[in-house]
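S.K.: Please find the sequence and the predicted model below.
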Amino acid sequence: MPTRRISSKRRVSAFPKDFPERLKRFKKESGLSWAELSRRLGAHPETVRRWKEGQARPNAENMLALCQLADDLVLGRLIRD
C-alpha cells in the first residue's frame, strides 16, 4: 500500500517564549555570575547576553550544555545535603 506524505506549512517550535526569564531565574537560583555561566556553557558572554535579552536563542548544543549544567548543580546540592 502506498504511503502518503503529509506536509504542513505550519512551523512547530518547542522553544519556550519565556526563555529569557527562565534563564535569568536559573542564573539567580544557581548563584553563578553571567561570566561564570557563559564560561561553564562554553558560550561567548555576548552570546549569553543576547539570550538574556531575547535577541537570540541557544542552539541545540548550547541547550544541552545548559541542561547538563542544571543537572550538575542539582546533583551537587543533593550530594551536599
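M.R.: Received, thanks. In this text the structure is predicted, and so the values were computed from the model without any measurement. Residues are numbered from 1 along each chain as shown.

S.K.: residues touching Gly42, list them.
M.R.: For Gly42, the set of contacting residues under the criterion of C-beta atoms under 8 Å, 6 or more residues apart in numbering consists of Ala65. C-beta: built from backbone N, CA, C; applies to glycine.

S.K.: redo that, cut-off 10 Å
M.R.: With contacts defined as C-beta atoms under 10 Å, 6 or more residues apart in numbering, the neighbours of Gly42 are 61-62, 65, 69.

S.K.: List buried residues within these.
M.R.: 62, 65, 69 (16 or more other C-beta atoms under 10 Å).

S.K.: I'd like to know which of those residues are part of helices.
M.R.: Taking DSSP state H as the definition of helices, the buried ones among the contacts of Gly42 contribute 62, 65, 69.

S.K.: isn't the first one right up against Arg40?
M.R.: No. In this structure Asn62 lies outside contact range of Arg40 using C-beta atoms under 10 Å: 11.4 Å.

S.K.: Tell me where the protein is predicted with low confidence.
M.R.: Low-confidence regions of the chain, defined here as pLDDT under 70, cover residues 1-13, 78-81.
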